[in-house]
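# Pasting a predicted model and its sequence here:
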Amino acid sequence: MILFRLAYHSLKNRRFTTVLTMASIALSVSLLLGVEKIRAGARDSFNNTISQTDLIVGPRTGPIQLLLYAVFHMGEATNNIGFESYRHFQKHSSTEWTIPYSLGDSHRGYRVVATDENFYAHYHYRMDQGIHFREGKAADDVFDVVLGSEVAEQLHYPLGQKLTLTHGMAQGGGLEHENRPFRVVGVLQKTATPIDRSLYITLEGMEAIHMDWQSGAPPIPGQETPLSRMTKDKIKIGQITAFLLRTKSRIQALYLQREINEYAGEPLLAILPGVALSQLWQGISYAEDGLRLVSAFVVVSGLLGMLIALYTSLNERRREMAILRAIGARPSHVLALLVIESSIITWLGAFSGTVIVYLVLWVARPLIENEFGLYLPIHGLSQMEWIYLGVLCLLGPTIGLIPAWKAYRNALADGLTIRV
Amino acid sequence: MSASSPAVRIESLTYSYGKGPPVLDIPELEVKRGERVFVYGPSGSGKTTLLGLLAGVLPSQGGRICVLGQDLGKLSPSDRDSFRGSHLGYIFQMFNLIPYLSVRDNILLSSDLNRSRRDRIQGFSRENSAKEIARSLGIDAFLERKVTDLSVGQQQRVAVARALLGGPELIIADEPTSALDFDHRERFLELLFQECKKNGATVLFVSHDRQLEGLFDRVISLKEINRA
């Protein structure tokens, strides 16, 4: 007990170096935990890009590719599926709801997603978060368009703004659907998912702008269908790109997946979003190992800082050790004193580092979500983080053994000789 | 370790560092209990070595060293450490105090570190005995102060208080007055003797300066008893 008091007072006496050393350990711990929190947050955000959807269905292609264009609105769909197939599974007895997607056009680099009212009603992300409007309403008329929040922020379109869509994804130089302007009727609230980076029109709208196109070429001027004939009830939808499906009970998802994959009407692919998401994450997660490695090195350098601070203090503390020896301290007491000091530094450093992480997380969370679209939940420490802290709390005193051993040797050699 | 055994008894003691020539070779030395002995030795006469052996920091090599009847050669290093902690008071030339502890904590440190020393403080609480000693040494006003605020003379008196708390039987003082001027030295010694007398403690006072030897019961010249 007296050794703890001695260690405490001795550290307090050298408070400047002690605080600096603790701060460097605290910072390295907060970096380590921060990286871990961001990593977990990024993975969670990623895995929660879409929720409450049991199956993603598209033409037969790679699962990752289907996931990319259906959920992340990235990459090109190579094929479409017939609307009849969609209707078939929409009416399936196991199906609760479906969200159809028709992709392919863009507006100033942002994807245009053609869908129907089910999207606004049933799309969910991050467990139970739904689609909400910041202003306006859902696209209902053929030439209505709804903006994702990022699109609205970047392009500053007010409600009522007219805009034209570009055929394909080419930004500039693509063919504009010039004579079929759309009108902004709504803006979505921020979701911090790819939803924010797209525009939403109706399936009929998508059909309308491609009406009269012949094998990928725009219609000959003068031969277009007049706008008056383009009302919702007069447009027939031929194809969509993919659809999301919710089953009435989760058990049915696997049966339905099998059924869709074996559908005789046309070759289809149904994937489980959770499985595909984690497969995709696996593929891009090597970057997080790099981050982890870097923060581990920072922790090691923090501990080395402590080693240096304690080691260099030993020479000026020789007379202190001689005094302790004179009043009956064993060399092992001297060893223990130094180990206790390094433990106090490491443990307090680790503790304050953890506090710092949570403070920063608490303060910066809205900012991070706004700026980077990364939602960081505030949870307790994960098992992995406890392990990190545990290892650190053992590593500190272990490294402290080095100056402690030196002090032990000094104490044996010096005895009661006071060296100043 | 009977009370009748001498405070220090040395028989044919030799000591050398490594394979070098012996620095100590003392055929015989005895200090009686309660005696106040002035050991005179110029630097290089083996003073430090002798004190290291008496305090049990150095292991004895040849001969016998008995302190308070205990043969130090028969104790393990850690037993010698606790023996020193509980039965000896050691006062250095200067810098006797742990700089980051208060005066009070410095005085209490030896009894903090040694259970038997703690147990020997009877009647009073440790706190009160520390105050009592501090009062008779004239430093009770400084108990809560930082030791670095004290003058050298005051610091040495704190060292005496720490050495005496818990009533050790043998006080070893290694030139504790060398940093004080003459007037203060005499005053310091008076206080030291007065407190040791209360406990019946033996004083072994080592110095290279013979000015003070008249105040002691007995003067030993290390040069004369050391044949090395």
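Nice, I can see it.

# Let's test this: name the helix or strand in the chain with the lowest mean pLDDT.
Reading this off chain A. Within chain A, confidence by mean pLDDT, DSSP states H and E is lowest for strand A:175-176 among all helices and strands, at a mean of 76.

# my bad, the chain I had in mind was chain B
helix B:115-120 (a mean of 80).

# Which elements pack onto it?
helix B:77-87, helix B:103-113 (3 or more CB pairs under 8 Å, 6 or more residues apart in numbering or on different chains; DSSP states H and E). For every residue, glycine as well, the C-beta is placed using N, CA and C.

# Ok, which of the ones you listed comes nearest residue A:126?
Residue A:126 lies closest to helix B:103-113 among the helices and strands packed on helix B:115-120, at 56.9 Å (CB to CB).

# anything in the closest one near chain A?
Yes. Using CB under 8 Å from any CB of the partner chain, helix B:103-113 reaches chain A at B:105, B:109-110, B:112-113.

# Quick one: the helices in the chain, in order.
Here I'm looking at chain A. With DSSP state H as the criterion, chain A has helices at A:2-13, A:15-47, A:63-71, A:83-90, A:117-122, A:149-155, A:203-210, A:250-261, A:273-284, A:286-316, A:318-326, A:331-372, A:383-414.

# To clarify, I was referring to chain B.
Counting by DSSP H, the helices of chain B are B:47-54, B:77-87, B:103-113, B:115-120, B:126-136, B:152-164, B:182-199, B:222-225.

# need the contact list for residue 186.
This is for chain A. Going by CB atoms under 8 Å, 6 or more residues apart in numbering or on different chains, residue A:186 touches A:133, A:135-139, A:144, A:146-147, A:159.

# I was after chain B.
B:212, B:215.

# how much space between residue A:137 and chain B?
Separation of residue A:137 from chain B (CB to the nearest CB, to the nearest Å) stands at 72 Å.

# got a pLDDT number for the closest residue to that residue other than its chain neighbours?
Closest residue to residue A:137 apart from its sequence neighbours, by CB to CB, 6 or more residues apart in numbering or on different chains: residue A:186 at 4.9 Å. We have a pLDDT of 94 for residue A:186.

# now swap in residue A:402 and tell me
89.

# and it, how far is that from residue A:395?
Going from residue A:402 to residue A:395 by CB to CB, to the nearest Å gives 12 Å.

# residues from chain B in reach of chain A?
B:48, B:51-52, B:55, B:57-58, B:77-78, B:81-82, B:84-86, B:90, B:92-101, B:105, B:109-110, B:112-114, B:117, B:162, B:174.

# Mind checking which of those residues are buried?
Among the residues of chain B next to chain A, those buried by neighbour count (16 or more other CB atoms under 10 Å in any protein chain shown) are B:48, B:51-52, B:55, B:57-58, B:81-82, B:84-86, B:90, B:92-101, B:105, B:109-110, B:112-114, B:117, B:162, B:174.

# Please tell me I have it right and residue B:155 contacts residue B:93.
No. In terms of CB atoms under 8 Å, residue B:155 does not count as a neighbour of residue B:93; the distance is 11.4 Å.

# in chain B, what residue is nearest chain A?
residue B:85 (1.8 Å; CB to the nearest CB).

# Next up, the contacts around the residue nearest to that residue when sequence neighbours are not counted.
Leaving aside its chain neighbours, residue B:85 sits nearest to residue A:328 (1.8 Å; criterion: CB to CB, 6+ apart). Listed by CB under 8 Å, 6+ apart, the contact set of residue A:328 reads B:81-82, B:84-86, B:110, B:113-114, B:117.

# please redo it, this time with the cut-off set to 6 Å
Residues in contact with residue A:328 (CB atoms under 6 Å, 6 or more residues apart in numbering or on different chains) are B:81-82, B:84-85, B:113-114.

# roughly how far apart are it and residue B:151?
27 Å.

# Quick one: closest of the helices of chain A to residue A:234.
That would be helix A:203-210 among the helices of chain A, by CB to CB, at 9.0 Å.

# just the angle between the closest one and helix A:83-90, please?
170 degrees (axes from the mean of the first three to the mean of the last three CA atoms, to 10 degrees).

# Need the contact partners of helix A:203-210.
By CB under 6 Å, 6+ apart, helix A:203-210 touches A:102, A:114, A:116, A:142-143, A:177, A:180, A:230, A:232, A:235, A:237.

# now it, how far from the chain's geometric center?
Distance of helix A:203-210 from the chain centroid (CA atoms, centre = their mean, to the nearest Å) equals 34 Å.

# try stretch A:136-148
Distance, centroid of stretch A:136-148 to centroid of chain: 28 Å (CA atoms, centre = their mean).

# end to end, how far does it reach?
With CA to CA, to the nearest Å as the measure, the first residue of stretch A:136-148 is 12 Å from its last.

# mind listing what's buried in that stretch?
Buried, per 16+ other CB under 10 Å, within stretch A:136-148: A:136, A:138-139, A:142-148.

# So what touches the least confident helix or strand of chain B?
With CB under 6 Å, 6+ apart, helix B:115-120 has contacts from B:86, B:110-111, B:166-167.

# likewise stretch B:221-228?
B:22-26, B:29, B:39-41, B:45-46.

# go with 10 Å
B:10, B:13-16, B:21-29, B:38-42, B:44-47, B:49-50, B:206, B:208, B:210, B:213 (CB atoms under 10 Å, 6 or more residues apart in numbering or on different chains).

# For it, what does the pLDDT average out to?
Here the average pLDDT along stretch B:221-228 is 83.

# Stretch A:391-398 too?
Computed over stretch A:391-398, the average pLDDT equals 90.

# buried sites along it?
A:392-393, A:395-397.

# Repeat that for stretch A:272-286.
For stretch A:272-286, by 16+ other CB under 10 Å, it's A:272-273, A:276-277, A:280.

# Stretch A:379-386 too?
Applying 16+ other CB under 10 Å to stretch A:379-386 flags A:381, A:385 as buried.

# which residue of chain B sits farthest from its center?
In chain B, the residue that sits farthest from the middle, by CA atoms, centre = their mean, is residue B:19; the gap is 29.3 Å.
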